[in-house]
Each structure stands twice: as structure tokens, then as C-alpha cells.
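**Student:** below: sequence and its predicted model.
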Amino acid sequence: MPSATDQTLFPDAVFDTRDQHHDAVRFDGTDFTGAHAEGHTFLECSLLGATLDDAHLEGSRWSESEWERVGGVGLTLAEASLADLTVEGCRLAAVSAWGSTWRDVTVRGGKVDFLNLRGARLKDVAFVDCVVVELDLQEATVDGLSFDGCTLQQPTFGRGRYAGLDLSGATLRSPVGLAGLRGATLSRAQVIDLADAFAAELGITVAG
């Protein structure tokens, strides 16, 4: 069950700005709808079956924590820091995580719609067996990011540093910004499947 520190995160409770550090707290089935926890630190915390609709976690720091079966629409993680975090079987939508920093993060199963990682910094991050719709990786700096067994629907790339981006294990549907993927890894089959899209972006006319 949630500890007494949970009270600081409920939007309809008295918000105690003196308590912004949460250590080894288990949030089980907690409803954080509309909650404000900007700049809070979460160390070895667990979110289990929690709801994060319209939750404000800008600038928050997550370390050695886990999210399991978490749902939420309109979650804000702008400029947040996620390290040693596991996200399992979650259903999230409209996630604004621009300018955030991800290190040693695994997202396994579930689905994420409209994930904004524009300008994010990602190191040793793995998406496994999940669906990501309209992923925005423009201007991101990638040093180890893979999508094994994932479906990426309408991902957008461009003006980023993608030397550590491995898309070879993903199914890419209607990607945008392929011409900006310098340094990224794709499988031979993907390159063949996306040949027309590459040509269109480069202004090449394919005859026959």
C-alpha cells in the first residue's frame, strides 16, 4: 500500500513542498491524475497499476525504479531524468518527454502513443516487444537505443545524432525523416522495403 509520502503527490491533498524525495516507496494502484511532482526524486520506487493521467513530472528524477501496468494520457516528463528504470506492460499516450535524459532504461511490452522525445539524450535504452505510435526523435542524441520486436508507426527522425540508434529489430510503418538517419543501423530488408521512401525524401526519381 502507498506510504504517507504519497499524500504529497495527490492534486486534491495539501501539497508539502518540503517532501520531494521518495525512497523505496511502493505506489500500488495509486491514482496520480492531475498530480504535480515537478522536480521530485524517486529512488528505488515502484509504480504498480498506477494512473498517470495529466500527471506533471517535469524535471523529476527516477533511479533504480520500476513501472508496471501503469496507464496514463497526457503525462509530462519534460527534462526529466530516468536511470535504471524498467517500464513493463504499460499503456501510455501523449507523453511529453522532450529534453529528457534516459540511461539504462528498458520498456517492455505495452503501447505508447505520441511519444515526444525531441531533443532527448538516450544511452543504453531498449524498447522490447511493444508498439510505439508517432515517436518523435528529432534532434535527439542517441548512444544506444534499440527496438527489438517493436512496431514503430509513423516515427519521425531528423537533425539528431543517431550513431547509436539500432532500428534493425523493428517494423517501421510510414517513417518520416529517413534521410536524416546518418549513423543509424537498419537491416537489409528494411532498406529494400523503404527504398521508395528514401528516394522520395532525397528527391530521386525511380524509373521503371
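**Tutor:** On my side now, so go ahead.

**Student:** the helices in this protein, which residues?
**Tutor:** Using DSSP state H, the helices of the chain run over 188-193, 195-201.

**Student:** please identify the deepest-packed of those.
**Tutor:** Burial of the helices of the chain is given as mean neighbour count (mean count of other C-beta atoms under 10 Å); helix 195-201 ranks first at a mean of 14. All C-beta spots, glycine's among them, are computed from the backbone N, C-alpha and C.

**Student:** mean confidence (pLDDT) on that one, please.
**Tutor:** Rounded to a whole number, the mean pLDDT of helix 195-201 is 90.

**Student:** packing partners for it?
**Tutor:** If you count contacts as 3 or more C-beta pairs under 8 Å, 6 or more residues apart in numbering; DSSP states H and E, helix 195-201 packs onto no helix or strand.

**Student:** can you list the residues that contact stretch 122-133?
**Tutor:** Outside stretch 122-133, the residues within contact range by C-beta atoms under 8 Å, 6 or more residues apart in numbering are 101-115, 140-155, 164.

**Student:** over to stretch 70-79?
**Tutor:** 32, 47-60, 87, 90-100.

**Student:** what distance separates the start and the end of stretch 172-186?
**Tutor:** Using C-alpha to C-alpha, to the nearest Å, the end-to-end distance of stretch 172-186 comes to 10 Å.
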